[in-house]
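Peer 1: Fold the stuff below for me.
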Amino acid sequence: MSADGTTYRLPDVFFVVATQNPHEQLGTFALPESQLDRFLMRVTLGYPDAAHERELLRGGERRELLPEIPPALDAAAVLRVQHEVRAVHVADALLDYCQALIACTRERSDLKLGLSPRAGQGLLRAAQAWAYLAGRAAVLPEDVQAVLPPVVAHRLERREPGGSADGELIAAEILRAVPVPL
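Peer 2: Below you'll find the predicted structure:
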C-alpha cells in the first residue's frame, strides 16, 4: 500500500471488506473504475430472514460479540489454502473460455468498458477457489459460471444506465452469449 509517496508493507494475510450504499442516497458517490476494479467481488447479502432478524433485534450490539468468535483459520492456514487454490488445474480449453467471456465484454458497444486483465485474473482465481471448495483438482466451466456474476457485476456498466442490478444482468447475458467448451 502507498500513501503520500510512502510505501507500507501489508501483512501476507489481510482482508478488506467495504460496504456500499445505494447511489440514490445523499452523499454517496460512485468509485472510479480503477478503484472498483481492485475489488475481487461484489457480494450482496440482502436482508436476514425473520428469525435471524428477531435474534439481531434481541441481541443488542453485535460488535461486542466479535472478541468471542474464534478464528476459523490462522494466518499459516490461510497461506496454505491460497497455495492449494493456485494448484487447482486450469486446462487450456478453460483458459480459452475465460478469454472468450472477457473478450465478449470488450466487443460489446453497449458497455462503457470491457473487463480488464485484472478482472480476468480475479475470475480465474475465484473459479479455482470455487473448484477447490468443491473438492476438485481442476476447474470446470460451471465453476467459472458460478463466480462470474460476483466477480464482474461491479465492473460492468452500460453506456445508458439500466438499473441498479445492471451488472448482474450483463453477466447473465455474457454467459448466454459465449459457448461453453466441450
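
Peer 1: center of the chain, which residue is that?
Peer 2: Nearest residue to the geometric centre of the chain (Cα atoms, centre = their mean): M41, 1.6 Å.

Peer 1: didn't that residue look like it was pressed against L148?
Peer 2: No: the criterion here is Cβ atoms under 8 Å, and M41 misses it with L148 at 10.4 Å. Using the backbone N, CA and C atoms, a C-beta is placed for each residue, glycine as well.

Peer 1: Distance-wise, check the residue of the chain most remote from its centre relative to Y47.
Peer 2: Here the centre of the chain is the reference, and by Cα atoms, centre = their mean the most remote residue is R58, at 32.2 Å. Relative to Y47, R58 is positioned 17 Å away (Cβ to Cβ, to the nearest Å).

Peer 1: Next: Q82.
Peer 2: The gap separating Q82 from Y47 is 32 Å, by Cβ to Cβ.

Peer 1: the more surrounded of the two?
Peer 2: Comparing Q82 with Y47 by other Cβ atoms under 10 Å, the one with more neighbours is Q82, at 15 against 7.

Peer 1: Next, the contact list for the more buried one, please.
Peer 2: Contacts for Q82 (Cβ atoms under 8 Å, 6 or more residues apart in numbering) come out as none.

Peer 1: What strand or helix carries it?
Peer 2: helix 75-86 (DSSP states H and E).

Peer 1: Give me the contacts around the following helix or strand past that helix.
Peer 2: Per DSSP H and E, the first helix or strand lying C-terminal to helix 75-86 is helix 92-107. Under the criterion Cβ under 8 Å, 6+ apart, residues 111, 114-115, 119-120, 123-124, 127, 139-141, 144, 148, 152, 156, 170, 174-175, 177-181 lie in contact with helix 92-107.

Peer 1: buried stuff in helix 92-107?
Peer 2: By 16 or more other Cβ atoms under 10 Å, the buried positions in helix 92-107 come out as 94, 97-98, 101-102, 104-105.

Peer 1: Show me where the protein has its strands.
Peer 2: Using DSSP state E, the strands found in the chain span residues 2-3, 6-7.

Peer 1: Ranked by average pLDDT, which of those falls at the bottom?
Peer 2: If the strands of the chain are sorted by mean pLDDT, strand 2-3 sits at the bottom with a mean of 82.

Peer 1: tell me the contacts of H89?
Peer 2: Contacts of H89 by Cβ under 8 Å, 6+ apart are 137-139.

Peer 1: Filter these down to the buried ones, ChimeraX style.
Peer 2: Selection of the buried residues among these in ChimeraX, burial being defined by 16+ other Cβ under 10 Å:
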select :139
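
Peer 1: Tabulate the contacts of H89 (JSON lines), appending pLDDT and distance to A75.
Peer 2: Formatted as JSON lines, the contacts of H89 follow (pLDDT from 0 to 100; distance: Cβ to Cβ, whole Å):
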{"residue": "A137", "pLDDT": "97", "distance to A75": "25"}
{"residue": "A138", "pLDDT": "98", "distance to A75": "28"}
{"residue": "V139", "pLDDT": "98", "distance to A75": "26"}
